[in-house]
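Student: pasting the sequence and the predicted coordinates here, then a few questions.
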Amino acid sequence: MLMYMSNSRHETPSTPLHSVSVAGVVVREDGRVLTIKRADNGTWEPPGGVLELSEAPEDGVRREVYEETGIKVQVDRLTGVYKNTARGIVALVFRCRAEGGQEQLSEESTAVEWLTPDEVTNRMAEVYAVRVTDALLNDAPHVRAHDGRKLASR
C-alpha cells in the first residue's frame, strides 16, 4: 500500500511515502552470518526491522539485531540499499560484528542461527540472500530493487 502526501487536504496526492527498514549482516570471525527464522512468515533473513522516526540508522540496526537475536553488535559500514517496489520499503543493510550477548529467541524469531554463506543461499529467498552476499564483499554499497520475490534486472 502506498500512502501519499499533499500540501493540503484538498489537493491531489503527489509524493509517495516509503517505509525505511534496517538490517544487520553480522559476520563472525569464522565467516558465519547471524540469521533469524521469522515468526510471522517462517522465512530466513538477516535480523532487522523498521527504523523509528527519531533513530539514526546505525542505532536502529543495533536495536533490531539485539531485540531479535540477543546479540549486541558494532556497526561497521553500509553495504546496500534495497527497494521493494511492490511495498514501498527501502532497506538499509549494514555489515556488523558481534560484541557480546547470547543468542535468544524473541516474539519475532523462532530460530536464531549462524549460517555459512552457502547455507544462506540455500535457505533464504533471493532478495534476502543477496543482501548477505553483498555485505560479504569488500566493495562499495550496492543499490538494488526487487518486487518482494525477485531482483529487478538492470
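Tutor: Looks like it arrived, so ask away.

Student: drop to CA atoms for contacts and neighbour counts, all remaining ones
Tutor: Fine.

Student: quick check: pLDDT value at the spatially most central residue of the chain.
Tutor: The C-alpha lying nearest the average C-alpha coordinate of the chain belongs to residue 23 (Cα atoms, centre = their mean; 2.9 Å). You'll see residue 23 listed with a pLDDT of 98.

Student: is it correct that it is in contact with residue 51?
Tutor: No. Using Cα atoms under 8 Å, residue 23 is not in contact with residue 51, being 9.5 Å away.

Student: tell me the contacts of the residue nearest to the centre of the chain?
Tutor: When contacts are counted by Cα atoms under 8 Å, 6 or more residues apart in numbering, residue 23 touches 46, 47, 48, 49, 61, 64, 65, 91, 92, 93, 94.

Student: downstream of whatever helix or strand it lives in, the next helix or strand is which one?
Tutor: Following DSSP states H and E, one finds residue 23 within strand 19-26. As assigned by DSSP H and E, the chain's next helix or strand after strand 19-26 is strand 33-38.

Student: pull the CA atoms of that next one into CSV?
Tutor: This file holds the C-alpha atoms of strand 33-38, laid out as CSV (Å, rounded to 0.1, in the frame of the first residue of the first chain):
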residue,chain,number,x,y,z
VAL,A,33,26.4,-15.0,9.4
LEU,A,34,23.7,-14.4,12.1
THR,A,35,20.2,-15.1,10.8
ILE,A,36,16.7,-15.5,12.1
LYS,A,37,13.7,-17.5,11.1
ARG,A,38,10.9,-15.0,11.2
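
Student: tell me which other helices or strands it touches.
Tutor: Using 3 or more Cα pairs under 8 Å, 6 or more residues apart in numbering; DSSP states H and E, the elements in contact with strand 33-38 are strand 19-26, strand 44-45, strand 109-115.

Student: neighbouring contacts of it?
Tutor: 25-28, 43-47, 68-69, 108-117.

Student: gap between the residue lying closest to the residue nearest to the centre of the chain once chain neighbours are set aside and residue 16?
Tutor: If you skip the residues right next to it in sequence, residue 23 has residue 48 as its closest partner in space, 3.9 Å away by Cα to Cα, 6 or more residues apart in numbering. Computed with Cα to Cα, to the nearest Å, the distance linking residue 48 and residue 16 is 23 Å.

Student: you'd agree residue 133 is in a strand?
Tutor: No. Assigned with DSSP: H, G, I helix; E, B strand; the rest coil, residue 133 falls outside any strand and is helix.
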